[in-house]
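# sequence first, then the predicted structure, then my questions.
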Amino acid sequence: MVTMKQWAVAGLAATVLSSAGQVMAQQKWDMPTGYPAANFHTENIHQFAKDVDQATAGKLKITVHDGGSLFKANEIKRSVQGGQAQIGEIIISGYSNENPLFGLDSIPFLATSYTEAQKLWSISRAATEAALAKQGIKVLYSVAWPPQGIFSAKPIQTVADLKGVKWRAYNPNTSRIAQLVGAQPVTVQAAELTQALATGAVTTFMTSGATGYDSKVWEQVKYYYDVSAWLPKNLVIVSQKAFDGLDKPAQAALTKAAVDAEARGWKVSAEKNGWYLDQLRKNGMTVDAGSPALRAELKKIGDSMVADWIKQTGADGQAIISAFQK
């Protein structure tokens, strides 16, 4: 016979289970990103969020806040660490002042193709994930930007032509390049680039054809040198605490959607690279590979920055470079 006390205990357990299920059903995450809605990274993120929604039957809904509308690009990592946002997208090289490992993918002329960039990521991924895990952050996936070139308001034949120009920097390595070529570094996030160009705050910068297209840079600059200097990566990161708050099926769904988003994102990035360059040409820009002298001088800068990075990271960094160069 079931006593009244047993009924009460059973009822309490059912209530607790129901409440737990209700909390899971109401999981809603905010996801800030610093790039516009039409950018391929953002489009990929929207598909990722949709995949998560479908795979969890609506138990986990991710609201994407693009264009720096919720947090500016350089505030997103801190917002995820601090719990203001559960998930977000960052450009990892922007945080190399915290840890030089984070700047590996923006060392000039180390990895200059999609194949090389993927190899570099596969070698350095575990170390990057471990470093971020110490900050309470879990890496879900990465996607590379197209190769970085030089946009300029005036023609460039050699590094000497960059002396004194106002150079847009978006991470410590781009600031360092500016110093090495004698330019004036000015920190400008992608969402603010159009305004910076319009006001003359910057006239020259290294970025991808994708950012050039998003920012309609042809309205202010007319030259693009496709030197394929490096392929920086965006990471989609999640608060470990928020991830741990999901049930196991939702964690599995989130992880699976991330794997799919990484594969899709790298593929689209490679496919769209040529399209972006075509759009620059169609809008009146001169696009070429850069003079042999310019490329040779930039390669020397890259070699010196590899050596500097190894000094900063020691034996661990040397191991990564050695494995990559095999």
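Here it is on my side, so go on.

# what sits up against stretch 102-121?
92-96, 124, 128, 131, 142, 144, 147-148, 171-174, 177, 228-233, 266, 269-270, 298-299, 301-303, 305-306, 309, 320-321, 324 (Cβ atoms under 8 Å, 6 or more residues apart in numbering). The C-beta positions use only the backbone N, C-alpha and C, and glycine is treated the same way.

# which of the residues you listed fall in strands?
The members of the contacts of stretch 102-121 that map onto strands under DSSP state E are 142, 144, 148, 233.

# ranges for the helices of the stretch 1-150 of the chain?
4-25, 40-55, 76-82, 114-133 (DSSP state H, counting those that start in this stretch).

# then the stretch 151-300 of the chain?
172-181, 193-198, 209-214, 240-244, 248-282, 292-325.

# average model confidence for the longest one?
What helix 248-282 shows for mean pLDDT is 97.

# packing partners of it?
helix 40-55, strand 60-65, helix 114-133, strand 137-144, helix 209-214, strand 233-239, strand 286-288 (3 or more Cβ pairs under 8 Å, 6 or more residues apart in numbering; DSSP states H and E).

# quick one: distance of that helix to the chain centre.
Mean C-alpha position of helix 248-282 versus that of the full chain (Cα atoms, centre = their mean, to the nearest Å) differs by 12 Å.

# angle of it against helix 114-133?
140 degrees (axes from the mean of the first three to the mean of the last three Cα atoms, to 10 degrees).

# tell me the angle helix 248-282 makes with strand 60-65.
30 degrees.

# what does the first one give?
Interaxial angle, helix 172-181 versus strand 60-65 (the same axes, to 10 degrees): 30 degrees.

# please point out which parts of helix 172-181 sit buried.
Buried positions in helix 172-181, judged by neighbour count with 16 or more other Cβ atoms under 10 Å: 172-178, 180-181.

# can you redo the helices and strands packed on helix 248-282 as JSON lines with distance to residue 185 and mean neighbour count?
What follows is those, written out as JSON lines (distance: least, Cβ to Cβ, whole Å; neighbours: other Cβ atoms under 10 Å):
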{"stretch": "helix 40-55", "distance to residue 185": "24", "mean neighbour count": "20"}
{"stretch": "strand 60-65", "distance to residue 185": "28", "mean neighbour count": "19"}
{"stretch": "helix 114-133", "distance to residue 185": "24", "mean neighbour count": "16"}
{"stretch": "strand 137-144", "distance to residue 185": "23", "mean neighbour count": "22"}
{"stretch": "helix 209-214", "distance to residue 185": "17", "mean neighbour count": "24"}
{"stretch": "strand 233-239", "distance to residue 185": "21", "mean neighbour count": "24"}
{"stretch": "strand 286-288", "distance to residue 185": "24", "mean neighbour count": "13"}
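
# and the ones you listed as a markdown table, adding distance to residue 85 and mean pLDDT?
Formatted as a markdown table, these follow (distance: least, Cβ to Cβ, whole Å; pLDDT from 0 to 100):
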| stretch | distance to residue 85 | mean pLDDT |
| --- | --- | --- |
| helix 40-55 | 13 | 98 |
| strand 60-65 | 8 | 98 |
| helix 114-133 | 15 | 98 |
| strand 137-144 | 12 | 98 |
| helix 209-214 | 22 | 94 |
| strand 233-239 | 8 | 98 |
| strand 286-288 | 37 | 96 |
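
# good, wrapping up.
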